[in-house]
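Undergrad: pasting the sequence and the predicted model now:
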Amino acid sequence: HHSTRELADEVAEVAVARRSARRLWPSRTAEWSAAIPAGVTRRRLPYGWSTLPFPSGTLSRVRGSPGTDVVVVGAGIVGASVAYHAACAGAAVLLIDRSLPASGVTGDSFAWVRGPSARAAIDRSTPLRRTALEDWARLERDVPGVRVRWSGSLAWGEEARSHDDMLGADERLVDADEIRRLEPNLRAVLREAIWRPRDGAVDPVAVTEALIDAARRHGAQVRLGESVRGLRMQDGAVVGVDTSMGTFASRTVVLAAGVEVPILCAAVGVDLPIAASPAVLMRFDASPGLLRRLLHCPWGDFRQTKDGMLLAAAGTANKDDLQRSAHATLQRLKDMLSGANDIQLSDVRIGVRPMPIDGLPIIGSLPGHPGGYIAVMHSAVTLAPAAGRLVADEVIDALDLEELQGVRPNRFATAAETARASSNEPPVS
């Protein structure tokens, strides 16, 4: 459980590590920038350039009105999904972010889309996770620009050491012959692996931008390059946000800004036990078609995009070990895959994931402050479509949905009260 100050310090430390990584592997920003039209703000991300054709500077000048139904803070994939689903439902939506869409941890995500494994423990988030794949399929049908590469995944090592009766309906154990058929370039001699044909992956930047475009088509306003400095309060209720450009009134404020959410909550007396959890994403230039599936093995997760970029969620987030870890992963890839001798390391990025202390999503009303709502989660890419749909339903129609009962923010206050009672400590006044 980290204090708000420790959390802010960790975010700053990881930002330094990210800058260090970019110095170790210089980008081709100057080369790629030549192809970008003048007056268009774009930035290099693990999946390429942002494609939203917004003019430079503050991207929207439309003031929020007192009639705004929902302000969404954070234009990562979760905030974009909430904004899209709320706008589709007819709400007056305002989406605010201090930077560009997906410029936080969303843009540094490995972006594996998967449902819960049969071996995963059933916990309070299981009802939410069960609909993940169906919600992704729905978004792919409904939103132009949302594409899922349903490649399936192969897993081996500790995860594959199971019996048939521990496999889910969407999983099966495959032998060496089928492994070679599914992944022909895999050199590793495996006796068995777990095959999950329904797993897939997305370009999280493209998906986030597609959701924001769709939200705007349904009437949502978008303000980028604008910092939210705090929640606007009235008689203990959240009635809007104060930003670097002014005040915006709203019936509900949804906080979906990842590691910045506990800082905003602390200012109104709500302590959210969320840590800044760094995660490494490596990119390699490789020949297209080298990998056909998502791979989960003892030393990392690997996948390849259609244009040949090979992504690895592997190694250590220790900034002093980044270069060594990246080159060790490069060598493992060359050893693991036939035809991989020409793979070259492109760069390494460190994303800062918001990690609740119990590992479960935090979704629900801000404790003690009507009008505030929290939407923070790990596995944000997997859960964003389902979470966006459910959050929009709750805040617009004042529902209390069964799928979200186990992930409410007030579980931490309840746990703290129980701990105090067991130790006979007086409550905090």
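TA: Everything's here; your move.

Undergrad: and stretch 86-104, C-alpha only, in CSV?
TA: The C-alpha trace of stretch 86-104 is given here as CSV (Å, rounded to 0.1, in the frame of the first residue of the first chain):
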residue,chain,number,x,y,z
ALA,A,86,-22.0,6.8,-22.6
ALA,A,87,-22.2,8.9,-25.7
CYS,A,88,-23.9,6.0,-27.6
ALA,A,89,-26.5,5.9,-24.8
GLY,A,90,-27.4,9.5,-25.4
ALA,A,91,-25.4,11.2,-22.6
ALA,A,92,-23.8,14.6,-22.9
VAL,A,93,-20.1,13.5,-22.5
LEU,A,94,-16.9,15.5,-22.1
LEU,A,95,-13.6,13.6,-22.3
ILE,A,96,-10.5,15.3,-20.9
ASP,A,97,-6.8,14.4,-20.9
ARG,A,98,-3.6,16.3,-20.3
SER,A,99,-2.0,14.7,-23.3
LEU,A,100,-3.1,12.8,-26.4
PRO,A,101,-5.1,9.6,-26.6
ALA,A,102,-3.3,6.5,-25.4
SER,A,103,-0.2,8.4,-24.5
GLY,A,104,0.0,6.8,-21.1
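
Undergrad: buried sites along it?
TA: Within stretch 86-104, the residues that qualify as buried by neighbour count (16 or more other C-beta atoms under 10 Å) are 86-89, 91-98, 100-104. In this view, the C-beta of every residue, glycine as well, is placed from N, C-alpha and C.

Undergrad: just those: which are in helices?
TA: Residues of these located in helices (DSSP state H): 86-88.

Undergrad: distance to residue 237 and pLDDT added to the residues you listed, as CSV?
TA: As requested, those are exported to CSV (distance: C-beta to C-beta, whole Å; pLDDT from 0 to 100):
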residue, distance to residue 237, pLDDT
86, 19, 98
87, 23, 98
88, 26, 97
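
Undergrad: all helices for the chain, in order.
TA: Remark: helices assigned in the chain by DSSP H are 4-24, 29-33, 77-88, 126-129, 132-142, 176-182, 204-217, 261-266, 322-336, 380-397, 410-423.

Undergrad: got a list of what residue 332 touches?
TA: Contacts were defined as C-beta atoms under 8 Å, 6 or more residues apart in numbering; by that measure residue 332 touches 299-300.

Undergrad: what about 6 Å?
TA: Residues in contact with residue 332 (C-beta atoms under 6 Å, 6 or more residues apart in numbering) are residue 299.

Undergrad: now residue 267
TA: Residues near residue 267 by C-beta under 6 Å, 6+ apart: residue 230.

Undergrad: how about residue 76?
TA: Residues near residue 76 by C-beta under 6 Å, 6+ apart: 102, 104, 106.

Undergrad: from residue 110, how far off is residue 252?
TA: Using C-beta to C-beta, to the nearest Å, one obtains 31 Å as the distance from residue 252 to residue 110.

Undergrad: those two - which one has more neighbours?
TA: For residue 252 versus residue 110, neighbours defined as other C-beta atoms under 10 Å are more numerous around residue 252 (25 against 22).

Undergrad: for that one, which non-adjacent residue is closest in space?
TA: Nearest residue to residue 252, sequence neighbours excluded (C-beta to C-beta, 6 or more residues apart in numbering): residue 395, at 4.6 Å.

Undergrad: re the thing from before, so which of the helices of the chain is the most surrounded?
TA: Greatest average neighbour count among the helices of the chain goes to helix 77-88 (a mean of 30), per mean count of other C-beta atoms under 10 Å.

Undergrad: so which elements touch that helix?
TA: Contacting helix 77-88 under the criterion 3 or more C-beta pairs under 6 Å, 6 or more residues apart in numbering; DSSP states H and E are the following elements: strand 70-73, strand 93-97, helix 204-217, helix 380-397.

Undergrad: next, the contact list for residue 81, please.
TA: Contacts here follow C-beta under 6 Å, 6+ apart; on that basis residue 81 touches 211, 384-385, 388.

Undergrad: I'd like the ones in helices among the buried residues of stretch 86-104 written out as CSV, with distance to residue 131 added.
TA: Shown next, in CSV, are those (distance: C-beta to C-beta, whole Å):
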residue, distance to residue 131
86, 18
87, 21
88, 17
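
Undergrad: which of those sits closest to residue 407?
TA: If you rank these by distance to residue 407 using C-beta to C-beta, residue 86 comes first, at 19.0 Å.

Undergrad: gap between that closest one and residue 396?
TA: Distance of residue 86 to residue 396, given as C-beta to C-beta: 6 Å.

Undergrad: do the same with residue 321
TA: When distance is defined by C-beta to C-beta, residue 321 is 47 Å away from residue 396.

Undergrad: ditto for residue 309
TA: 38 Å.

Undergrad: check residue 265 too.
TA: In this structure, residue 265 and residue 396 are separated by 22 Å, where distance is defined by C-beta to C-beta.

Undergrad: now do residue 319
TA: With the distance defined as C-beta to C-beta, residue 319 ends up 43 Å from residue 396.

Undergrad: ok, now residue 184?
TA: Distance of residue 184 to residue 396, computed by C-beta to C-beta: 49 Å.

Undergrad: can you check residue 291 too?
TA: Here the criterion is C-beta to C-beta. By it, residue 291 lies 42 Å from residue 396.

Undergrad: so, low pLDDT: which residues of the stretch 1-150 of the chain?
TA: Low-confidence segments of the stretch 1-150 of the chain, defined by pLDDT under 70, are located at 1-66, 118-120.

Undergrad: ok, 90 please
TA: Applying pLDDT under 90 to the stretch 1-150 of the chain flags residues 1-67, 115-123.

Undergrad: tell me which residues of stretch 297-311 are tucked away?
TA: Under the neighbour-count rule (16+ other C-beta under 10 Å), stretch 297-311 has 297, 300-305, 309-311 buried.

Undergrad: can you list the residues that contact that stretch?
TA: Stretch 297-311 is contacted from outside by 110, 156-157, 201, 283-284, 286-288, 290-291, 294-295, 312-314, 332, using C-beta under 6 Å, 6+ apart.

Undergrad: repeat for stretch 190-202
TA: 111-114, 133, 148-150, 152-156, 160, 170-175, 179, 294, 303.

Undergrad: go again using 7 Å as the cut-off
TA: By C-beta atoms under 7 Å, 6 or more residues apart in numbering, the residues outside stretch 190-202 that reach it are 111-115, 133, 148-156, 159-160, 170-176, 179, 182, 294, 303, 381.

Undergrad: drop anything exposed from these.
TA: Among the contacts of stretch 190-202, those classed as buried by neighbour count (16+ other C-beta under 10 Å) are 111-115, 133, 148-149, 151-156, 160, 170-171, 174, 179, 182, 294, 303, 381.

Undergrad: which residue is nearest the middle of the chain?
TA: The structure's the chain has its C-alpha centroid closest to residue 380; by C-alpha atoms, centre = their mean the separation is 3.5 Å.
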